[in-house]
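Visitor: dropping the sequence and predicted coords here.
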Amino acid sequence: MNQNEDLFEACWDLKEFQSLIEQGLSFGSKYFFLVKVTGLFFLVRDTDSEGIDSNPKQLPNKVFRIDAEGLNEDLVDIDSRYEKTNMFYKGDVCEWYRLSEELLAETKEKLSRGYEKIKISSYPLELDKKYQDPSNPEALMAHKISIWGGGSCPIDCFNAQIKFQYIKQSEVLDLEEYYGGKPLFVDKEEAEIINFYLKFNHQTAQKEDFFNIRVIFESKGRYVEAIQVTLYLEECVEAPHHYRYYRKLAELQLHAEDHISSLRSNLKALSYREKDVPLISNIGNRLRDLGRLDEAKEYYHKALKINPSDSILLYNLEKLDRIINEFPTKLDSLYQALMFHFYIRRHGGIMHKKYMYSKATESIIITIAFMIKPHDQLDNIDKLTKFNGIKSVYETTSKIISCKEFVKDMLQHSIQENKLKEMWNIGLEADLDYKNIDSFLADVDWDQICFLVNRSWSDAFDSQRMEYIRSKNLV
């Protein structure tokens, strides 16, 4: 896109946009289209119920469209329409977007808050060369069927970057990129993903399809799906490639924040290449993040014997020493990291492996977070005393045996304060989650609590990781 050219903008009535979504969902369609021909409009039709087919084999029975303001073909002359829409692109445009109940719910919510319009904005589009007609480079070589007659353009042949926004007078709010865990905009790679799942469901996907789609999943940060595809390929991997396979799997599992699985995959890779220093160091890193500090040190020293001058290895060993002997970089680092790791696992999604917390487990994590969160009323306490208090909570809750005793003591204190029901939802009333302390304790995942504490403590000593965590604004 030429960033020096004027930004193209167009608006639609938000109530009409809601009707478009409702009509599309009622048709059983999965997509709506942004179409520019002689005008500019959104359109849904009943031929788009599965997959991405740029040449449907049947004509639609049901079609619904809404025209952009000032571009209605029945009300505005063609020259006026072309004058404006040619600022967007001089030829035809057809971009695919995903329908969803989540988008509908959000649109209704924005209407209830007084938003009035949906706006698109984009710099002028440039057609990908492979779709260009050499004799007419601004035209689109597409099927000889109009979109409302069943045809459509190829998927995202412009590498488009079109922004969608809700408008309320001078107030502007961007639409989300994902709804229901799936992207709103269907670009080339998303189309390949959709078609891959169709092949997979119809059992027609080949080994090459799995390898190719894994690359796309990884490039889009969809690590959970990349891992699933990689695991599916495990039996297909030939002997010379086992090391590379498990290294890649471990890397994807790390991106998905599944450290236990990443450790297992790294250990499998090590069985094929026992003196790989970066691999041995990675195993040490995973053990460190799991709180198995003595084992981590053993692996670091094992790698040092092979290459005593490896700079990354020396940094990791230095970080381990700080984790054992020093304090985090900032008072709120452990709190920020703990809430981040709790949140991403609780919600899961395409990037991170989801974990289903029991209510007992969740209540303990929230309590620990409250205890390590810096509080304004403690401003008169010196910084060293605060750090010591935070480290004491870490040391107590990072190991299962001491964590259990710590929680039991808190429960006993709650009994004395008559707050067992209020703080832990324990009691004989029908609406409470646990009838007694024993049933509460039996429902706790101690491994998960200790993992979160140890993982967060490790991050609290890494300034780059903490910068990333803070940028997510999850607290």
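Guide: Yep, that arrived. Numbering: from 1, shown residues only.

Visitor: let me see the mean pLDDT of stretch 331-339.
Guide: Mean per-residue pLDDT for stretch 331-339: 95.

Visitor: go ahead and name everything in contact with that stretch.
Guide: 328, 365, 368-369, 372-374, 383, 386-387, 390, 394, 452-453, 455-457, 459-461, 465-466, 469-470, 474-475 (Cβ atoms under 8 Å, 6 or more residues apart in numbering). In this view, the C-beta of every residue, glycine as well, is placed from N, C-alpha and C.

Visitor: make a PyMOL selection of the buried ones in those.
Guide: The buried residues among the contacts of stretch 331-339 can be selected in PyMOL (16 or more other Cβ atoms under 10 Å) with this line:
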select buried, resi 328+365+368+369+372+373+386+387+390+394+452+453+455+456+457+459+460+461+466+469+470
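
Visitor: mind checking which helix or strand the residue sitting nearest the centre point of the chain is in?
Guide: By Cα atoms, centre = their mean, the chain has its centre lying nearest to Met351, at 4.2 Å. Here Met351 sits in a region with no helix or strand, counting by DSSP states H and E.

Visitor: residue contacts, it?
Guide: Gly221, Arg222, Tyr223, Val224, His255, Ala256, Ile344.

Visitor: burial of the last one, as a residue count?
Guide: In terms of burial, Ile344 registers 20 neighbours under the definition other Cβ atoms under 10 Å.

Visitor: any stretches of the stretch 51-200 of the chain with poor pLDDT?
Guide: 51-58, 131-134, 136-154 (pLDDT under 70).

Visitor: returning to that earlier point: show me the two of the contacts of Met351 that sit farthest apart.
Guide: Spatially, the most separated pair among the contacts of Met351 is Arg222 and Ile344, at 14.4 Å (Cβ to Cβ).

Visitor: for the chain, which segments are assigned as strands?
Guide: 8-13, 31-36, 40-45, 63-67, 93-98, 117-122, 163-168, 171-174, 178-179, 182-183, 185-186 (DSSP state E).

Visitor: I'd like these as JSON lines, with mean neighbour count appended.
Guide: Listed next are those as JSON lines, based on neighbours: other Cβ atoms under 10 Å:
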{"stretch": "strand 8-13", "mean neighbour count": "19"}
{"stretch": "strand 31-36", "mean neighbour count": "22"}
{"stretch": "strand 40-45", "mean neighbour count": "24"}
{"stretch": "strand 63-67", "mean neighbour count": "20"}
{"stretch": "strand 93-98", "mean neighbour count": "22"}
{"stretch": "strand 117-122", "mean neighbour count": "20"}
{"stretch": "strand 163-168", "mean neighbour count": "17"}
{"stretch": "strand 171-174", "mean neighbour count": "11"}
{"stretch": "strand 178-179", "mean neighbour count": "16"}
{"stretch": "strand 182-183", "mean neighbour count": "17"}
{"stretch": "strand 185-186", "mean neighbour count": "20"}
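
Visitor: closest one to Met87 among those strands?
Guide: strand 8-13 (4.8 Å).

Visitor: and stretch 90-109, what's buried?
Guide: Buried positions in stretch 90-109, judged by neighbour count with 16+ other Cβ under 10 Å: 90-100, 102-104, 106-107.

Visitor: swap that for stretch 285-296, please
Guide: Asn285, Arg286, Leu287, Arg288, Asp289, Leu290, Gly291, Arg292, Leu293, Ala296.

Visitor: ok, residues contacting it?
Guide: With contact meaning Cβ under 8 Å, 6+ apart, stretch 285-296 is reached by 254, 259-260, 262-263, 266, 284, 299, 316, 319-320, 323-324, 398-399, 450-451, 453-455, 457-458.
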